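Engineer: Here's a sequence, model it:
(one chain, ligands or ions: 1)
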Amino acid sequence: MTPNDVTASDMTADDMAHLHALCMQTPSPWGADGFRATLCSPGVSAICHAHGFALLRTVLDEAELLTIAVHPDHQKQGIGARLLDRVHQAARSNGAVTCFLEVAAGNLPATRLYLSVGYAEIARRTAYFMAPDGHRQDALVMRKSLVVAAQPSGYPQQ
Ligand SMILES: CC(C)(COP(=O)(O)OP(=O)(O)OC[C@H]1O[C@@H](n2cnc3c(N)ncnc32)[C@H](O)[C@@H]1OP(=O)(O)O)[C@@H](O)C(=O)NCCC(=O)NCCS
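Structural biologist: Residues are numbered from 1 along each chain as shown. Next up, the predicted model:
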């Protein structure tokens, strides 16, 4: 795998916990046991890259981005956007028509990433997350439609 490949290949729960600890502040990073349990849960898929990963859960026609992380040395290089593109492809393949996520309102890199790929804020949960300094942060609930609009053919229908 070259560093730019985004694959569905395995990354261990320990690898994910290590990367999460380097990246996440609010909500708190997950431990390896949390990743192990999540990876065994129904409907959960992992999308991996040499420098990042994303976890997705699909239930019927709804998907949820559970988490995404890119190594701090490799952020702002388009990896997060590529991971999300693969997340959305996988969710569509699983039958989802909508993808939801929650993000801390103060997490500007993540919020901007989500807005840039078509998510919109649909709700705010007040004081939902605990920040490392003990202050509470609101969570934004965001949603993206996964339905791809049909392209006009350019030719009149027969
Ligand atoms: C959020 C995160 C996954 C983004 O990954 P990334 O690989 O750096 O993102 P990309 O390079 O694909 O950026 C795509 C777009 O997101 C936005 N963005 C990403 N990082 C940003 C930053 N530091 N500041 C502002 N906007 C940012 C920009 O709109 C960017 O587009 P641009 O480069 O054309 O300006 C990464 O910052 C990360 O791992 N953060 C810590 C973990 C985390 O907070 N996960 C989300 C939990 S909900």
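
Engineer: any idea which helix or strand carries Leu113?
Structural biologist: Leu113 belongs to helix 108-116 when assigned by DSSP states H and E.

Engineer: any idea whether the closest residue to the ligand within the chain is helix, strand or coil?
Structural biologist: Nearest to the ligand in the chain, going by CB to the nearest ligand atom, is Gly80, at a distance of 2.5 Å. In short, each C-beta sits where N, CA and C put it, glycine included. Classification of Gly80 using DSSP: H, G, I helix; E, B strand; the rest coil returns helix.

Engineer: Name all residues that make contact with it.
Structural biologist: Listed by CB atoms under 8 Å, 6 or more residues apart in numbering, the contact partners of Gly80 are 52, 68, 70, 113.

Engineer: same thing but 6 Å
Structural biologist: Contacts for Gly80 (CB atoms under 6 Å, 6 or more residues apart in numbering) come out as 70, 113.

Engineer: Would you mark the buried spots in the helix holding Leu113?
Structural biologist: Buried positions in helix 108-116, judged by neighbour count with 16 or more other CB atoms under 10 Å: 110-111, 113-114.

Engineer: for stretch 59-73, same thing?
Structural biologist: Neighbour-count burial for stretch 59-73 flags 62-71 (criterion: 16+ other CB under 10 Å).

Engineer: now it, how far from the centre of its chain.
Structural biologist: 2 Å (CA atoms, centre = their mean, to the nearest Å).

Engineer: do the same with stretch 43-51
Structural biologist: Here stretch 43-51 is found 10 Å from its chain centre; the criterion is CA atoms, centre = their mean.

Engineer: okay, that stretch in CSV with CA atoms only?
Structural biologist: The C-alpha trace of stretch 43-51 is given here as CSV (Å, rounded to 0.1, in the frame of the first residue of the first chain):
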residue,chain,number,x,y,z
GLY,A,43,-22.7,-3.1,10.8
VAL,A,44,-19.3,-1.6,11.6
SER,A,45,-16.7,-1.1,8.9
ALA,A,46,-13.2,0.4,9.0
ILE,A,47,-11.7,2.4,6.2
CYS,A,48,-7.9,2.7,6.6
HIS,A,49,-5.0,4.6,5.2
ALA,A,50,-1.3,4.5,6.1
HIS,A,51,-1.8,7.7,8.1
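
Engineer: tell me the contacts of the spatially closest residue to His88 that is not a sequence neighbour?
Structural biologist: In space, and not counting its chain neighbours, His88 is closest to Leu146: 5.7 Å by CB to CB, 6 or more residues apart in numbering. If you count contacts by CB under 6 Å, 6+ apart, Leu146 has them with 88, 91-92, 96-97, 99.
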